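Give me a 3D structure for the following:
(one chain, ligands or ions: 1)
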Amino acid sequence: MLTKTPQEAWSEFLETVEKRCSPTEFQNWFAPIRLREEVSEELCLEVPNIFVQEYLINNYKKELSSFLSVKATGELSLSFTISETKKAEPLPQIPLNQLASPSSQHALEVKLNPNYTFQHFIEGPSNQFVKSAAVGIATRPGKSYTLMFIHGGVGLGKTHILHSIGHQVRERHKKLRVYCITTEAFINDLVDNLRNKSLDRMKRFYRSLDVLLVDDIQFLQNRPNFEEEFCNTFESLINQGKQIVITSDKPPGQLKLSERLIARMEWGLVANVGIPDLETRVAILQHKAEQKGFRLPQSIAFFIAEHIYNNVRQLEGAINRLNAYCRLMKLDITQEVVESTLGELFQTSSHKKISVDNILKSVATIFGVRISDLKSSVRSKDVSFPRQVAMYLAKELINDSLMRLASAFGGKTHSTLLHAWKKIAGLVKKDERLRRQIDMARRNLEA
Ligand SMILES: Nc1ncnc2c1ncn2[C@@H]1O[C@H](COP(=O)(O)OP(=O)(O)OP(=O)(O)O)[C@@H](O)[C@H]1O
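Purely as a prediction, here's the structure:
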């Protein structure tokens, strides 16, 4: 019998999920969910949008069912409400008769890259949220969130997503005026129009758009004069219920822009694109190879993905280089060929590959125990403590799932590994000797 209140069940569910998923996934999908304080036996959740609700049900139904009771109908005792879209303060509207004609042409428009479509965007835990939110926005532009703000590191697919929205809107909403521009081009446009005293025409043009896609807003930093005009354009579109999508290398709060603009951007749907995990990188490599018309063996894709890991553009560069080399030299793709062609890229983009086996070797030497004991289920303190240190190092130094890391320790579970990591992380703060032992192991491994 379930005796927990829905609130208790929810917080236990969150605790479990937080241990299991990546911080990006948790931040994107779970952190925005609010528990509604309703007097009900049902768990009432307030979600910021339908994507979060669908994500929760599609991916965590099984887990939820072990925390929540089930109704007589067999459904989970769970209900959702979608938080009301926050409204921007009203600004003076531009009369309709002043809007530019839909046939206006603009030289600075960015042509949407035909390869940057949702179909060619490979999904993984690091970008699932941004992708489903973008698909939702492209399906009903201006209807759910009038502003979407996409941020993330270099080469992780922000422009790809931006153009995908543009393609889909053009395909499904033929009458809507979609315009894609880089922030640099917007600034150049502004400079030209100021010089030609045609600022009003420019304003009318931008304010007549239905969907404005703006790439790399970080280039607006430290340019207060241009920022003001951008902010006006932006507010005017938002007030008309039009759609804006902005990309940036940082979240809104970290941009050096006026408080007014930052507040406006934070008000939208803010989504982060993270670094793809190993499996997603492998899938991206294989997809890119397929697009180029060749097949990349799985083992080779893993090999490349293990060495190039924080920039998808570099993965794509690797595929292009490998393809060109093998075609010209009429070679099959083997690991040797990959090493000789892409070795340089590996050097610049990767640090030394650390494996659980290396960690076990290093820890065994420092603590004077046998590797086989570390992998066994021996529980004596002189073995279990170094084993926990090795688990701590594995979680700290290897970018892989807890489950896989734990199983490399002779089939341990992810909760054992997490427990070990927490314990050692706590001890290392106060135990000088342990800190030195761990530093020594790290130096050995990274040397
Ligand atoms: N998930 C993905 N699936 C397929 N291709 C991807 C994915 N993520 C990125 N790419 C590819 O990586 C390349 C770089 O992506 P993009 O230009 O969109 O990155 P960005 O985040 O805008 O980079 P920058 O910060 O430099 O502007 C593109 O060719 C894009 O197609």
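
which residue packs closest to Glu266, ignoring adjacent ones?
Leaving aside its chain neighbours, Glu266 sits nearest to Pro252 (4.8 Å; criterion: CB to CB, 6 or more residues apart in numbering). In short, each C-beta sits where N, CA and C put it, glycine included.

The one you found: what's it in contact with?
Phe149, His151, Ile262, Met265, Glu266, Val270 (CB atoms under 8 Å, 6 or more residues apart in numbering).

any idea how far Val83 lies from Glu266?
In this structure residue 83 is Ser, not Val. Between Ser83 and Glu266 the computed distance is 15 Å (CB to CB, to the nearest Å).

go on, Gly157?
Gly157 sits 22 Å away from Glu266 when distances are taken as CB to CB.

neighbour-wise, which of the two wins?
More crowded of Gly157 and Glu266, by other CB atoms under 10 Å: Gly157, with 23 against 14.

Show the pLDDT at that one.
Gly157 is assigned 96 on the pLDDT scale.

State the pLDDT value of Leu322.
93.

so how far is the ligand from the closest residue to it other than its chain neighbours?
If the residues on either side of it in the chain are set aside, Leu322 comes closest to Thr341, at 5.6 Å by CB to CB, 6+ apart. To the ligand, Thr341 is 19 Å away according to CB to the nearest ligand atom, to the nearest Å.

Make 17 the first number, not 1, from now on.
Shifting the count to begin at 17 puts that one at Thr357.

give me every residue that touches Thr357.
Thr357 touches Arg337, Leu338, Tyr341, counting by CB under 8 Å, 6+ apart.

so the first one sits in a strand?
If I follow you right, that is Arg337. No. Assigned with DSSP: H, G, I helix; E, B strand; the rest coil, Arg337 falls outside any strand and is helix.

what about it, neighbour count?
By the criterion of other CB under 10 Å, Arg337 has 15 neighbours.

got a list of what it touches?
Contacts of Arg337 by CB under 8 Å, 6+ apart are Thr357, Leu358, Leu361.

Grab the nearest non-local neighbour of the residue in the stretch 317-463 of the chain positioned nearest to the ligand.
For the stretch 317-463 of the chain, the residue closest to the ligand is Val328, as judged by CB to the nearest ligand atom, at 3.5 Å. In space, and not counting its chain neighbours, Val328 is closest to Gly171: 5.4 Å by CB to CB, 6+ apart.

quick one: contacts for that neighbour?
Asn327, Val328, Arg329, Gln330.

most neighbours, which of those residues?
Val328 (25 neighbours).

Just the local confidence number for that one, please.
Taking Val328 on its own, its pLDDT is 94.

I'd assumed Gly173 was in contact with it.
Yes. Between Val328 and Gly173 there is a contact under CB atoms under 8 Å: 5.8 Å.

For stretch 88-104, which outside residues touch it?
For stretch 88-104, using CB under 8 Å, 6+ apart, the contacting residues are 22, 50, 52, 57-66, 69, 77, 80-81, 84-87, 160-162, 251, 254-255, 280, 283.

What residue spans form the domains of the chain?
22-98, 123-289, 294-365, 372-462 (automatic domain parsing).

between those, which gets the lowest average pLDDT?
Among these, domain 22-98 scores lowest, with a mean of 79.

That one: how far from the chain's middle?
21 Å (CA atoms, centre = their mean, to the nearest Å).

go on, stretch 229-239?
Distance, stretch centre to chain centre, for stretch 229-239: 20 Å (CA atoms, centre = their mean).

List, one by one, the residues from the protein near the ligand.
Residues of the chain found near the ligand (CB under 6 Å from any ligand atom) are 132, 136-138, 143, 168, 170-176, 232, 265, 300, 328-329, 332.

which residues sit in contact with the closest residue to His179 other than its chain neighbours?
Excluding the flanking residues, the one nearest His179 by CB to CB, 6+ apart is Tyr132, at 3.6 Å. For Tyr132, the contact set (CB under 8 Å, 6+ apart) comprises Thr175, His176, Ile177, Leu178, His179, Ser180, His183.

go with 10 Å
Residues in contact with Tyr132 (CB atoms under 10 Å, 6 or more residues apart in numbering) are Gly173, Thr175, His176, Ile177, Leu178, His179, Ser180, Ile181, Gly182, His183.

Please look at the last one and Pro130 and confirm they touch.
Yes. Taking contact to mean CB atoms under 10 Å, the distance of 8.0 Å between His183 and Pro130 places them in contact.

Point out the ones among the contacts of Gly171 that are inside strands.
Among those, DSSP state E puts none in strands.

For Cys60, pull up the helix or strand it's in.
Following DSSP states H and E, one finds Cys60 within strand 59-63.

Show me what that strand is packed up against.
Of the remaining helices and strands, those touching strand 59-63 by 3 or more CB pairs under 10 Å, 6 or more residues apart in numbering; DSSP states H and E are helix 22-36, strand 50-51, helix 66-83, strand 94-98.

the inter-axis angle of it versus strand 94-98?
With axes from the mean of the first three to the mean of the last three CA atoms, to 10 degrees applied, the angle from strand 59-63 to strand 94-98 works out at 30 degrees.

In CSV, list the C-alpha atoms belonging to strand 59-63.
Listed next in CSV are the C-alpha coordinates belonging to strand 59-63 (Å, rounded to 0.1, in the frame of the first residue of the first chain):
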residue,chain,number,x,y,z
LEU,A,59,0.1,14.6,-7.9
CYS,A,60,-0.6,18.0,-9.5
LEU,A,61,2.4,19.3,-11.5
GLU,A,62,2.7,22.7,-13.2
VAL,A,63,4.9,22.4,-16.3
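
now that strand and helix 66-83, what's the angle there?
160 degrees.

if you skip the residues just before and after it, what's nearest to Thr32?
Glu79 (6.8 Å).

The ligand versus that neighbour, what's the distance?
26 Å.

just checking, that residue touches Arg36?
Yes. With contact defined as CB under 10 Å, Glu79 reaches Arg36; the gap is 8.5 Å.

Including secondary structure and distance to Lys439, could the contacts of Tyr132 go into TSV?
Below are the contacts of Tyr132 laid out as TSV (DSSP: H, G, I helix; E, B strand; the rest coil; distance: CB to CB, whole Å):
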residue	secondary structure	distance to Lys439
Gly173	coil	37
Thr175	helix	43
His176	helix	41
Ile177	helix	40
Leu178	helix	44
His179	helix	47
Ser180	helix	44
Ile181	helix	46
Gly182	helix	50
His183	helix	50
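
mind putting the residues you listed in TSV, distance to Asp293 included?
Output for the contacts of Tyr132, formatted as TSV (distance: CB to CB, whole Å):
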residue	distance to Asp293
Gly173	14
Thr175	21
His176	18
Ile177	18
Leu178	23
His179	24
Ser180	21
Ile181	24
Gly182	27
His183	26
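
What subset of these is buried?
Neighbour-count burial (16 or more other CB atoms under 10 Å) is assigned, among the contacts of Tyr132, to Gly173, Thr175, His176, Ile177, Leu178, His179, Ser180, Ile181, Gly182, His183.
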